[in-house]
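*Asks:* Task: produce atomic coordinates for the following.
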Amino acid sequence: MTTCLCTPRLTLRRWREDDLDAMAAINSDPEVMRWIGDGSVQDREQTAARIAVWERAWEELGVGLFAVECRDTGRLAGFTGLSVPLFLPEVLPAVEIGWRLGRPFWGRGLATEAARAALDFALRERGLARIVSIHTVGNEASERVMRKLGMRMERETVHPLSGRRVRVHVLET
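*Replies:* So this is what the prediction gives:
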């Protein structure tokens with residue numbers, strides 16, 4: 001499957017071997033990972049394992065996480081895309097839209113731009129009628145992106161693994 005999406009500033013594409021070091025650098029940044037799971041950073045080996053899972057999801061489910069590349073520089077900014085939020089069984093069955101960008105890419109609207117393209121893909125190309133997005137309470141930047149995407153808060157609950165409070169936003173068509 002050669003899924004690729006373009007926005008004015010970004011290319012959303014499948015993962016390549018040469019993405020590993022850039023994504024590992026993002027995942028090893030404590031400020032980036034502050035709101036993810038229990039807040040732990042991930043090393044290169046853990047990142048490689050995650051990318052393999054994301055690629056397998058594309059093959060098995062027809063949806064997955066896109067590598068997000070800046071069109072002007074070719075630099076990997078992070079990811080956005082679709083996954084099944086198995087970590088939060090109370091919202092299943094569901095498909096979640098999510099994103100993670102490195103700090104140099106924050107504050108420029110890139111997460112919203114990338115997520116809009118992935119959301120459009122979910123609705124138009126995959127025919128999904130309900131999408132969720134989940135963020136740790138306090139992660140106001142992600143919550144703003146969710147609101148910009150037209151999502152509404154559905155519930156607040158506790159992440160069963162980390163014990164952190166999370167909010168579930170939803171978009172239904």
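
*Asks:* Correct me if wrong, but residue 104 is in a helix.
*Replies:* Yes - looking at residue 104 with DSSP: H, G, I helix; E, B strand; the rest coil, it is inside a helix.

*Asks:* And the pLDDT at it?
*Replies:* As predicted, residue 104 sits at a pLDDT of 97.

*Asks:* mind listing what it touches?
*Replies:* Neighbouring residues of residue 104 by C-beta atoms under 8 Å, 6 or more residues apart in numbering: residue 77. Just so you know, the C-beta spots here come from the backbone N, C-alpha and C atoms, and that holds for glycine as well.

*Asks:* Now with 10 Å, please.
*Replies:* 26, 70, 75, 77 (C-beta atoms under 10 Å, 6 or more residues apart in numbering).

*Asks:* Spell out the secondary structure type for residue 138.
*Replies:* Of the three states, residue 138 takes coil under three-state DSSP.

*Asks:* Tell me the spacing between the residue lying closest to it once chain neighbours are set aside and residue 10.
*Replies:* In space, and not counting its chain neighbours, residue 138 is closest to residue 35: 7.1 Å by C-beta to C-beta, 6 or more residues apart in numbering. Remark: distance between residue 35 and residue 10 (C-beta to C-beta, to the nearest Å) = 22 Å.

*Asks:* So which of these two has more stuff around it?
*Replies:* residue 10 (21 against 18; other C-beta atoms under 10 Å).
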